[in-house]
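K.L.:
got a predicted structure plus its sequence, pasted below:
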Amino acid sequence: MKQISRITFLIYLLWMLFVIFLNLRGDITFGHGLGDLYYLIALIFLTVLSIVFYIRITKRNYTNAYLFVVYLLLIIISFCIKLTLLRGAEYPWNGKFFL
């Protein structure tokens, strides 16, 4: 299970870096203009929290690694939905992921 949590965590980190980089570049958006910074701050906060959980899982043999994987998947799914279907009023959903 440590291997699955490690792979999921690496995928999550890559996804998070892509979202932050593409959002700051202007290719993707949450649809709130300058309010996108709130979502980026929330994403960074959740990433720091997941790093703490990951360190705790790797240092000790927890059986709650499944819960960690579910936590990461929920973050990815919720932010992907917010990036697409639930965009704000400034840049509403137009059927494309990139602007």
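P.N.:
Looks like it came in fine. Here the structure is a predicted model, which is why all the values come from computation and not from measurement.
K.L.:
now name the helix or strand holding the spatially most central residue of the chain.
P.N.:
Central residue of the chain (CA atoms, centre = their mean): residue 76, 4.4 Å from the mean position. Here residue 76 is covered by helix 65-83, with elements defined by DSSP states H and E.
K.L.:
just the C-alphas of that helix, formatted as CSV.
P.N.:
C-alpha atoms of helix 65-83 as CSV (Å, rounded to 0.1, in the frame of the first residue of the first chain):
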residue,chain,number,x,y,z
ALA,A,65,-3.1,4.8,3.5
TYR,A,66,-6.4,4.1,1.7
LEU,A,67,-7.8,7.2,3.4
PHE,A,68,-4.9,9.2,2.1
VAL,A,69,-5.4,8.1,-1.4
VAL,A,70,-9.1,8.9,-1.2
TYR,A,71,-8.2,12.3,0.2
LEU,A,72,-5.9,13.1,-2.8
LEU,A,73,-8.4,11.8,-5.3
LEU,A,74,-11.1,14.0,-3.8
ILE,A,75,-8.9,17.1,-4.0
ILE,A,76,-8.1,16.3,-7.7
ILE,A,77,-11.7,15.7,-8.6
SER,A,78,-13.1,18.7,-6.9
PHE,A,79,-10.5,21.1,-8.3
CYS,A,80,-10.9,19.6,-11.8
ILE,A,81,-14.7,20.1,-11.6
LYS,A,82,-14.1,23.7,-10.4
LEU,A,83,-11.7,24.3,-13.3
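K.L.:
elements contacting that helix?
P.N.:
helix 2-25, helix 36-59 (3 or more CB pairs under 8 Å, 6 or more residues apart in numbering; DSSP states H and E). Where C-beta positions appear, they are placed from N, C-alpha and C, glycine not excepted.
K.L.:
for these, give me TSV that also has mean pLDDT and mean neighbour count.
P.N.:
Shown next, in TSV, are the helices and strands packed on helix 65-83 (pLDDT from 0 to 100; neighbours: other CB atoms under 10 Å):
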stretch	mean pLDDT	mean neighbour count
helix 2-25	92	14
helix 36-59	92	14
